[in-house]
Structures are given as structure tokens and as C-alpha cells.
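Student: Task: produce atomic coordinates for the following.
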Amino acid sequence: MSIQVGEIDLIQRPGDKVIKAKIFRGLEERHFRDHEDFWLPPMLEAAKDARSRCTAADGVVDTNLFGQEMAQLRLQDVGWDWRRLNAGYGDDSDCALFAVEAAGRTQGLMLLEGANHATRHDPKGNNLVYIERIASAPWNRGTFMGSPQFGQTGYALVRIAIEHSRDLQLDGRVALHSVSGSVSFYNKCGMTHFGPDRHKNGYDYFEMSHGQADAFSPSKLLRRGKR
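Tutor: So this is what the prediction gives:
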């Protein structure tokens, strides 16, 4: 079941018009269909083109170069199956799935975990919300589909994670492990970069403290709806 829980600003381009996007907690068939029918086709095509560019005449793929291309294109989530993620986590009371909708389409998706994750910031050991998966629609990435149609989608998703942390009385603390193509984005968010984590396949670990959350997400940026 999906319930609208608030609204958040996105920037519609061209024109830089501020629009009110809807925030939904819980995913439904329309979100899966948007991902499968509208997100995946251009992502798969761009990945195919990238692979072709990284393939030698003898058919051997330069895997290092291909990985770099996928990171630059922000395509490292191409294998994420949101329908399956919902089946695995949707009934877990410690998890929450969110969707951002605007212009009749799903513009962003996110999976959060609210238990068994502790801060590395001092004082260490406080609970936080862990961003297990986060993705914006391919037309909002500004890489292989031209200029973003809706700017600020990634920041909007991080703001939603912060508000969920506050709802759980965790003071806005959030963390995640970033794919390589998104490291610069999380640095821009003002999160603390702890570097590669050997326990998570070398993915870079980022964490947002209570103070960083307050600086990132003043309450006026998100208009809350009924829970």
C-alpha cells in the first residue's frame, strides 16, 4: 500500500519552475511499471552503448573502462529490481520505501532501513537511518539523456531520508554506501566521507550527523502531509 505523506519542491527544466512533487511511503504497481517501462529502456540502451565503446575488435570487453563509463553515466543502478526489493523489504517494519512523483511519473525511489545501524561520528554508536537504495529517474541525471527534466531530485530524496530519521527520533542522522558515480553528489550534500569500506566491497561510506542534517534540510523545504 502506498500513502502520500507530504510534498517537496523539484525544479522543472527548462525554465527553472518550482513544482510541488508528491512523496509516497510504500510502493505500488504504478511505481514498478514506471521503473520497468520508462526508466529501464533508456538505461539498458545507454549501458549497451557503453559496453560497445569498451569492447575491442576481438570482442573482449575492457571491464575497468566499462566500469568507469557506467559510473560517469550514473548507470550503476541498472541492475536494481525495485519490484523484488519491495517484495523483500516491504513488509519489514524496520524498513520504508519511498517514491517521489511529479508530472504523472515516478521521479525517484528509495529504500531505508531504520534499525541495526550505528553512527561513526562522535559520540559513536547512536542509531541512524541507513539508505539501502536511492535512485532518481534517468531523465533527471543529466548524463545520457541530456539536461535534467527535474532538478534537485537526488537532494529531495536525501531530505526525505532525513525527515524519516527525525520521525524515528534519530535527529536526522543518515548514512549510506555510495556507488562510485555518486561520490561527488554526497560530498555536495555535506555528509562526512569516511572513505572506502572493505566490508562493503570497497564502496565509499558517507554519514550525516545531526548538525549536518539541520544545515541540509531546514523544515521549510518539505511540506509535511498526514502520516
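Student: With adjacent residues omitted, what lies nearest to the residue nearest to the spatial centre of the chain?
Tutor: Nearest residue to the geometric centre of the chain (C-alpha atoms, centre = their mean): residue 134, 2.1 Å. The shortest distance from residue 134 to any non-neighbouring residue, by C-beta to C-beta, 6 or more residues apart in numbering, is to residue 110 (4.7 Å). Just so you know, the C-beta spots here come from the backbone N, C-alpha and C atoms, and that holds for glycine as well.
Student: What about that neighbour, how many residues nearby?
Tutor: 24 (other C-beta atoms under 10 Å).
Student: That one touches residue 131, doesn't it?
Tutor: Yes - using C-beta atoms under 8 Å, residue 110 is in contact with residue 131, at 6.7 Å.
Student: Need the residues touching each of those two.
Tutor: residue 161 (C-beta atoms under 8 Å, 6 or more residues apart in numbering).
Student: so residue 164, which of the three states?
Tutor: helix (DSSP: H, G, I helix; E, B strand; the rest coil).
Student: Which pLDDT value belongs to it?
Tutor: Per-residue confidence (pLDDT) for residue 164: 97.
Student: Show the pLDDT at residue 202.
Tutor: So, for residue 202, pLDDT stands at 93.
Student: Sorry, slip of the keys, the one I care about is residue 187.
Tutor: For residue 187, the predicted pLDDT is 95.
Student: who's in contact with it?
Tutor: Applying C-beta under 8 Å, 6+ apart to residue 187 gives the contacts residue 193.
Student: Quick check: residue 144 touching residue 44?
Tutor: No - at 11.1 Å, residue 144 does not count as touching residue 44 under the criterion of C-beta under 8 Å.
Student: Low-confidence bits of the chain, can you list those?
Tutor: Judged by pLDDT under 70, the chain has its weakly predicted residues at 217-227.
Student: does the residue of it most remote from its centre sit in a helix or strand, and which one?
Tutor: In terms of distance from the mean C-alpha position of the chain, residue 58 ranks first, at 37.1 Å (C-alpha atoms, centre = their mean). Per DSSP states H and E: residue 58 is located in neither a helix nor a strand.
Student: Contacts for stretch 65-72, please.
Tutor: Residues contacting stretch 65-72 (C-beta under 8 Å, 6+ apart): 47, 50-51, 53-54, 76, 78, 143, 179-181.
Student: Mind checking which of those residues are in helices?
Tutor: Counted as lying in helices by DSSP state H, out of these, are 47, 50-51, 53.
Student: isn't residue 208 right next to residue 191, touching?
Tutor: Yes - contact criterion C-beta under 8 Å: residue 208 and residue 191 qualify, at 4.6 Å.
Student: Those two: who's more crowded?
Tutor: Neighbour count, other C-beta under 10 Å: between residue 208 and residue 191, residue 208 has more, with 30 against 22.
Student: quick one, strands of this structure?
Tutor: Along the chain, the stretches classed as strands by DSSP state E are 3-12, 17-25, 95-102, 105-113, 129-136, 150-151, 174-178, 192-196, 204-208, 222-224.
Student: Buried residues, the first one. List them.
Tutor: Judged by neighbour count (16 or more other C-beta atoms under 10 Å), strand 3-12 contains these buried residues: 5-12.
Student: Neighbouring strands - and their directions - for it?
Tutor: Applying DSSP bridges, strand 3-12 is found paired with strand 17-25 (antiparallel), strand 150-151 (antiparallel), strand 222-224 (antiparallel).
Student: still on that earlier bit, wait, which of the ones in helices among the contacts of stretch 65-72 is closest to residue 159?
Tutor: residue 47 (28.9 Å; C-beta to C-beta).
Student: Since that was my last question, I'll sign off now.
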